[in-house]
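S.K.: no FASTA, just this:
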């Protein structure tokens, strides 16, 4: 039986860390950031992770 293909959109958007956490990007970071206050702008720079339920769904899509 052939292998299942991974969802390429999910592969490009998420990374799985060795600890099992799924790392994700932050939304609304592309342009027109002069309107965003500095505190919020700095907060968007930090790494974000999915919660357990969403992480399981993403792991099924990637592997």
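M.R.: It's in. This one's a predicted model, so the numbers in the text were calculated from it and none came from an experiment.

S.K.: any idea how far residue 12 is from the residue nearest to the spatial centre of the chain?
M.R.: The centre of the chain sits closest to residue 24, judged by Cα atoms, centre = their mean, with a distance of 1.6 Å. For residue 24, the distance to residue 12 equals 12 Å [Cβ to Cβ, to the nearest Å]. From N, CA and C alone the C-beta is placed, and that goes for glycine too.

S.K.: Show me which residues of the longest helix seen in the chain are buried.
M.R.: If you go by DSSP state H, the chain has its longest helix at helix 52-62. Neighbour-count burial for helix 52-62, counted by 16 or more other Cβ atoms under 10 Å, picks out 55, 58, 62.

S.K.: how about the closest residue to residue 20 other than its chain neighbours, what does it touch?
M.R.: Spatial nearest neighbour of residue 20, chain neighbours left out: residue 55 (7.7 Å); criterion: Cβ to Cβ, 6 or more residues apart in numbering. By Cβ atoms under 8 Å, 6 or more residues apart in numbering, the contact list for residue 55 reads 20-22, 49.

S.K.: Ok, residue 11 next?
M.R.: Contacts of residue 11 were listed using Cβ under 8 Å, 6+ apart, and they are residue 62.
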